[in-house]
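Visitor: the sequence and its predicted three-dimensional model are supplied below.
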Amino acid sequence: MIQDRTMQNLWGAVDELRQRVEELENGGTPLVMELDYVASMTSNRKTFHLRGCKFTEGFIAVEGGYFQFSSHDEALAAGLVPCKRCGA
Ligand SMILES: [Zn+2]
């Protein structure tokens, strides 16, 4: 059972998102999406990782040096295989 307060918080978050989208449409600052799956652009290993995996430390520091995916399936669709260490 969802508490009323929880629903209020949810709707508050939705309103905030709507405002951000409006800002965006009006040429405001770009909305930064938090993407959780990353893969190196330069590595020969076609693996993807969860952001924060130890193996991402080298390439994550290079801006534009890695691919980002918003879902496990999206990374798979790009032909990558999940990292065994972080269980991406
Ligand atoms: Zn990993």
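Guide: Yes, it's here. Numbering: from 1, shown residues only.
Visitor: neighbours of Arg45, how many?
Guide: By other CB atoms under 10 Å, 11 other residues sit near Arg45. Placement of C-beta: from N, CA and C, glycine included.
Visitor: should've said Phe48
Guide: 27.
Visitor: phi, psi of it?
Guide: Note on Phe48: backbone dihedrals following degrees, to the nearest 10 are phi -120, psi 160.
Visitor: surely it is in contact with Pro82?
Guide: Yes: Phe48 is within contact range of Pro82, at 6.3 Å (criterion: CB atoms under 8 Å).
Visitor: which residues do the two both contact?
Guide: 75, 88 (CB atoms under 8 Å, 6 or more residues apart in numbering).
Visitor: near the ion, which residues of the protein?
Guide: With the criterion set to CB under 5 Å from the ion, the chain comes near the ion through 49, 53, 55, 83, 85-86.
Visitor: filter the residues you listed down to just the ones in strands.
Guide: His49 (DSSP state E).
Visitor: by neighbours, which of the residues of the chain next to the ion wins?
Guide: His49 (26 neighbours).
Visitor: so what's that one up against?
Guide: By CB under 8 Å, 6+ apart, the contact set of His49 is 37-39, 55-56, 83, 85-86, 88.
Visitor: do you know how far it is from Ser70?
Guide: 14 Å (CB to CB, to the nearest Å).
Visitor: what of Arg51?
Guide: 11 Å.
Visitor: neighbour count for the two, which is higher?
Guide: For Arg51 versus Ser70, neighbours defined as other CB under 10 Å are more numerous around Arg51 (15 against 12).
Visitor: for Gly64, state which of the residues of the chain next to the ion is nearest.
Guide: Using CB to CB, His49 is the member of the residues of the chain next to the ion that sits closest to Gly64, with 17.0 Å.
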